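Peer 1: I'll drop the sequence and a predicted model, then ask my questions.
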Amino acid sequence: MKFLILFFILPLFLFAQPNNDTLFLQNIVSQLTADSILGRQTGSDGERVSALYLSDELKKIGVKPFYKDFHQPFVFDFVKKRKSNTQKVVIEGVNVIGYIDNQKDRTIVLGAHYDHLGVNEYGQARSFKDEKVYYPGADDNASGVALLLKLSKWLTKHKKDLNANYIIAFFSAEELGLQGSKHFVKTAKKSYIKPSVMLNFDMVGRLDDKQKLIVEGVGSAPSFDSLLTLTNHSFSFNLHQNKSGIGNSDYTSFYLDSIPALSFTTGSHSDYHTENDTKEKLNYQGILAIENFIVSFLSHLELSEIEFKETEVQQTRRRSDLKVSLGIMPGYGGDNGLQIDAVSKGKTAAIYGLKKDDLIIGIDDCDIESIYDYMDCLKKYDKGDQAYISILRNNDPLKIKVEFK
């Protein structure tokens with residue numbers, strides 16, 4: 001009862017806090033967006049310095065390492081495409097993973113990616129001038145990192161009142177295809193801890209006067225909708241709920257492993273993936289308000305039954321020059337084909353029997369070694385056209401005839 005009363009009065013308490021909470025957030029964002037960090041591209045010196053900074057902050061807060069130490073390195077292949085040139089590169093990322101062990105049966109993962117676009121080495125920026133310009137990524141996603149560190153601070157301070165264990169995960173290589181969270185999900189299976197729920201924070205720094213807070217993945221557990229509504233009774237957020245468990249951030253990796261997952265964001269804006277995503281444009285009081293909401297939400301989540309539910313897959317990655325789509329969630333980073341991470345119900349791939357984990361290696365006479373090849377191959381087709389999709393399924397070659405819907 002004491003725990004629930006504490007959460008009920010928390011909103012007034014936090015809003016009354018002096019400036020030091022805001023300064024805590026500002027200091028974190030300033031460190032991650034500093035000139036010397038050069039945009040935190042995966043595998044860069046700037047990202048490695050940021051990883052050390054985050055692990056030091058977790059130590060100060062009192063969070064322990066999840067593994068032997070905080071750093072979880074991993075290696076992946078990526079197909080780099082700039083203009084007309086393609087090149088396979090091997091990249092080493094590093095996740096920073098902490099653990100708050102409360103000796104409880106349930107474990108909740110709280111995550112935020114800390115990588116960004118660097119100096120646009122891999123051509124992801126929306127506005128590109130030259131390679132001397134770095135992309136600070138204040139909202140995307142220093143804001144989510146700052147919120148998660150602040151939340152971690154609260155959780156360690158109130159550890160005796162908690163009814164769950166917490167994994168604190170700062171993921172690398174989100175911008176290169178959710179590589180860090182994919183690696184963590186795979187390796188977590190080998191540990192004795194099975195995550196019950198995942199909450200993701202990505203671009204939470206632009207809360208506006210309409211108090212719009214977008215929550216994605218709400219359909220991945222039947223109780224999420226009611227828990228969010230219950231929490232918001234003490235708040236004034238304008239909640240926009242999306243059901244799909246598939247999206248452009250790390251919660252997708254957990255959903256695809258049948259773990260209920262939510263992602264919180266204040267939404268995209270004109271500075272997204274540009275050099276103008278800077279620290280002075282963030283609403284730090286807004287980040288504190290969202291943290292306050294999450295603390296209250298966790299009090300309800302810890303005491304609720306959360307069961308996984310499969311959702312409709314929505315096509316969140318769109319290309320304006322494509323007239324057709326197979327209706328899949330593509331995997332990123334490979335160079336031997338395009339792996340299917342999920343299939344949309346009722347779309348072309350599902351209708352003709354393509355499945356999760358199939359590897360697409362060609363469409364008619366067009367060879368596919370990467371997602372870029374896949375996009376290029378699809379450009380020639382219109383709705384109603386037929387094509388043979390060449391795949392590997394469990395290493396067995398198959399050709400499947402489809403008609404684009």
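Peer 2: Ah, there it is. Computed from a prediction, not measured in an experiment: that's the story for all the values here.
Peer 1: from Glu121, how far out is the residue lying closest to Glu275 once chain neighbours are set aside?
Peer 2: Nearest non-adjacent residue to Glu275, counting by Cβ to Cβ, 6 or more residues apart in numbering: Val133, 5.2 Å away. (Glycine included, C-beta is placed from N, CA and C.) Distance from Val133 to Glu121, counting by Cβ to Cβ, to the nearest Å: 12 Å.
Peer 1: same drill for the two, tell me which one is more crowded.
Peer 2: More crowded of Val133 and Glu121, by other Cβ atoms under 10 Å: Glu121, with 18 against 14.
Peer 1: quick one, phi psi at the more buried one?
Peer 2: Main-chain torsions, Glu121, degrees, to the nearest 10: phi -60, psi -30.
Peer 1: distance between the ends of stretch 383-402?
Peer 2: Using Cα to Cα, to the nearest Å, the span of stretch 383-402 from its first residue to its last is 11 Å.
Peer 1: no wait, stretch 219-230
Peer 2: 16 Å.
Peer 1: who's in contact with it?
Peer 2: Contact with stretch 219-230 is made by 197, 215, 217-218, 239, 241, 243-245, 255, 260-262, 297, 300-301, 304-312, as judged by Cβ atoms under 8 Å, 6 or more residues apart in numbering.
Peer 1: could you identify the buried members of the residues you listed?
Peer 2: 197, 215, 217-218, 239, 241, 243-245, 255, 260-262, 297, 300-301, 306, 308, 311 (16 or more other Cβ atoms under 10 Å).
Peer 1: so Tyr166: helix, strand or coil?
Peer 2: strand (DSSP: H, G, I helix; E, B strand; the rest coil).
Peer 1: not counting its neighbours along the chain, what's nearest it?
Peer 2: In space, Tyr166 is closest to Ile100, 4.2 Å off (Cβ to Cβ, 6+ apart).
Peer 1: contact partners for the one you found?
Peer 2: Here Ile100 is in contact with Val63, Lys64, Ser152, Leu155, Thr156, Lys159, Leu162, Asn165, Tyr166, Ile167, Ile168 (criterion: Cβ under 8 Å, 6+ apart).
Peer 1: go on, Gly46?
Peer 2: Contacts for Gly46 (Cβ under 8 Å, 6+ apart) come out as Ser36, Ile37, Leu38, Gly39, Arg40, Gly118.
Peer 1: ok, the fifth one - how many residues close by?
Peer 2: Other residues within reach of Arg40, judged by other Cβ under 10 Å, total 30.
Peer 1: was I right about it contacting Tyr114?
Peer 2: Yes - Arg40 lies in contact with Tyr114 (Cβ atoms under 8 Å); the separation is 6.4 Å.
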